[in-house]
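Trainee: here are the coordinates; sequence isn't available:
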């Protein structure tokens, strides 16, 4: 039983490595993850600041990436981003025929590195990157 589980783990590691085969795919995945993490940090900081301003202080470590909770903070700070951009970045669940949000792709990559999520990030890299850049640039405007 233990050997079977080790073999399955070894097989899974091989499968993930083979999915990342190719410098461009690997670069897209890791660049996406890095930039998304920066977006998440900024979003949480905005939320903490907003909650403090309305007298309901929260700790950064306790902030969940829930768009319903984050949206009032984004509106408060007038980021100048479209609703579609915000949803493409932070929406939790999407309909079946709708592309996954950056948040959902990040979750899928970090928790399983599925072939589907790798392909989606690689195929949508330019748009995802543009959305994340818009969000991050809004922090300095």
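Mentor: That came through, no problem. Remember, it's a predicted structure, so these values are computed and weren't measured experimentally.
Trainee: where in the protein is pLDDT low?
Mentor: Residue ranges of the chain with pLDDT under 70: 1-2, 94-95.
Trainee: Need the three-state assignment for the residue nearest the centre of it.
Mentor: Nearest residue to the geometric centre of the chain (CA atoms, centre = their mean): residue 103, 3.1 Å. Put simply, residue 103 is helix when judged by DSSP: H, G, I helix; E, B strand; the rest coil.
Trainee: Next, the contact list for it, please.
Mentor: 36, 40, 65, 89-92 (CB atoms under 8 Å, 6 or more residues apart in numbering). C-beta coordinates here come from the backbone N, C-alpha and C atoms, glycine included.
Trainee: Recalculate using a threshold of 10 Å.
Mentor: 36, 39-40, 43, 65-67, 87-94 (CB atoms under 10 Å, 6 or more residues apart in numbering).
Trainee: next one: residue 68
Mentor: Contacts of residue 68 by CB under 10 Å, 6+ apart are 90-92.
Trainee: Let's see which of these end up in helices.
Mentor: Using DSSP state H, the subset of the contacts of residue 68 located in helices is residue 90.
Trainee: hmm, back to that, mind checking how far the residue nearest to the centre of the chain is from residue 69?
Mentor: To residue 69, residue 103 is 13 Å away according to CB to CB, to the nearest Å.
Trainee: Show me what counts as buried in the top helix by length along the chain.
Mentor: When the chain is scanned for its longest helix (criterion: DSSP H), the result is helix 23-53. For helix 23-53, the neighbour count (16 or more other CB atoms under 10 Å) marks 25, 28-29, 32-33, 35-36, 39-40, 42-44, 46-48, 50-51 as buried.
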